[in-house]
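Asks: Have a look at this prediction, sequence included:
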Amino acid sequence: MSYSPYLLKGQKAIVTGASSGIGEAIARYLALSGAAVAINYHSEAEEAEKIVDDIRANNGEAFAIQADVSKEDQVKAMFQQTLQNFGTIDILVNNAGLQKDSPFVDMTLDQWNTVIGVNLTGQFLCAREAAKEFLRRGVQPQISSAAGKIICMSSVHQVIPWAGHVNYATSKGGIDMMMQSIAQELAPHKIRVNSIAPGAIKTPINKSAWDTPQDEAKLLQLIPAKRVGEVEDIAKAAVWLASDDSDYVNGTTLFVDGGMTLYPGFTNNG
């Protein structure tokens, strides 16, 4: 594990959907890099508290907070509580997301609304509250060269169509344009907004795709790097985007996908 405990020293972060998978790894890496972290969860309270305990056991600072990011009142309450605990925030990682898969003609309005509500509207609500605090406080040069950093969790499916997952792919395509538009608007205020687009990563949400040797071999046909990603691959990218090492990076999607977006089907001329 490569990190610097001073890279994000003194900074305060919120990571949504941080009780498992990619969000958990990002929260842990931010803490190892010196940030105090608010661990947001929807329903996995015990898991979130375990992460908090682990961070504190390593002399880090963290607390867990429940909120459904698709609900405006809960998002506002989460930010209010975080500001009371930390005083301010410097980093938002918009990670919370879910899937409700269905063939298109069978997809219900509830399946559509639930995925758009969490994956896209949730990121809008959290980014808006974070931006308000960044604008209120401004740059603290002793902490960071930016007034604040927002990292949106997208997916390779912001550019790769995904039959049977129309709601999910649409939400990720929306995140891309939302992120760029926010970045363009907030850049003059020294606020940086970027996205990470993971490819196939070993998380509970997609375990069936890599859990057996046969399934993993099938998945590897889509990945030129010939390995399925680990949550740490995404966490390390998030730490870099949250740090001043990426100070001139704004409005960009960082694809962490082992080359999945390189159209591997054309390796042998299609």
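Replies: Done, it's in. Numbers count the residues shown, from 1 in each chain.

Asks: The top strand by length along the chain: partners in the sheet, and parallel or antiparallel?
Replies: In the chain, taking DSSP state E as the definition, the longest strand is strand 191-198. Strand 191-198 has its sheet partners listed here by DSSP bridges as strand 148-153 (parallel), strand 253-256 (parallel).

Asks: what's the next secondary structure element after it?
Replies: Sequence-wise, the next helix or strand downstream of strand 191-198 (DSSP states H and E) is helix 213-220.

Asks: what about the helices in the stretch 1-150 of the chain?
Replies: Applying DSSP state H, counting those that start in this stretch to the stretch 1-150 of the chain gives helices spanning 21-32, 45-57, 72-86, 109-116, 122-137.

Asks: So which of the ones you listed is the most surrounded?
Replies: Neighbour counts (mean count of other Cβ atoms under 10 Å) averaged over each of these peak at helix 21-32, with a mean of 26. Yep, even glycine has a C-beta here, placed from its N, CA and C like the rest.

Asks: Can you name every helix or strand that it contacts?
Replies: When contacts are defined as 3 or more Cβ pairs under 8 Å, 6 or more residues apart in numbering; DSSP states H and E, helix 21-32 sits against strand 12-15, strand 36-41, helix 45-57, strand 91-94, helix 231-242.

Asks: Kindly reformat the ones you listed as JSON lines containing mean pLDDT.
Replies: Converted to JSON lines, the helices and strands packed on helix 21-32 look like this (pLDDT from 0 to 100):
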{"stretch": "strand 12-15", "mean pLDDT": "99"}
{"stretch": "strand 36-41", "mean pLDDT": "98"}
{"stretch": "helix 45-57", "mean pLDDT": "98"}
{"stretch": "strand 91-94", "mean pLDDT": "99"}
{"stretch": "helix 231-242", "mean pLDDT": "98"}
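
Asks: okay, those in TSV with distance to residue 268 next?
Replies: Shown next, in TSV, are those (distance: least, Cβ to Cβ, whole Å):
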stretch	distance to residue 268
strand 12-15	41
strand 36-41	45
helix 45-57	44
strand 91-94	38
helix 231-242	27
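
Asks: ok, residue 131 touching residue 148?
Replies: Yes. Residue 131 is within contact range of residue 148, at 7.2 Å (criterion: Cβ atoms under 8 Å).

Asks: which neighbours do these two share?
Replies: Here residue 131 and residue 148 have residue 191 as joint contacts, going by Cβ atoms under 8 Å, 6 or more residues apart in numbering.

Asks: Count the neighbours of residue 216 for me.
Replies: Residue 216 has 15 neighbours, counted by other Cβ atoms under 10 Å.

Asks: so how far is residue 202 from it?
Replies: Note on residue 216: its distance to residue 202, by Cβ to Cβ, to the nearest Å, is 9 Å.

Asks: wait, which of the helices of the stretch 1-150 of the chain is closest to residue 221?
Replies: Between residue 221 and the helices of the stretch 1-150 of the chain, the tightest spacing by Cβ to Cβ is seen for helix 21-32, at 22.8 Å.
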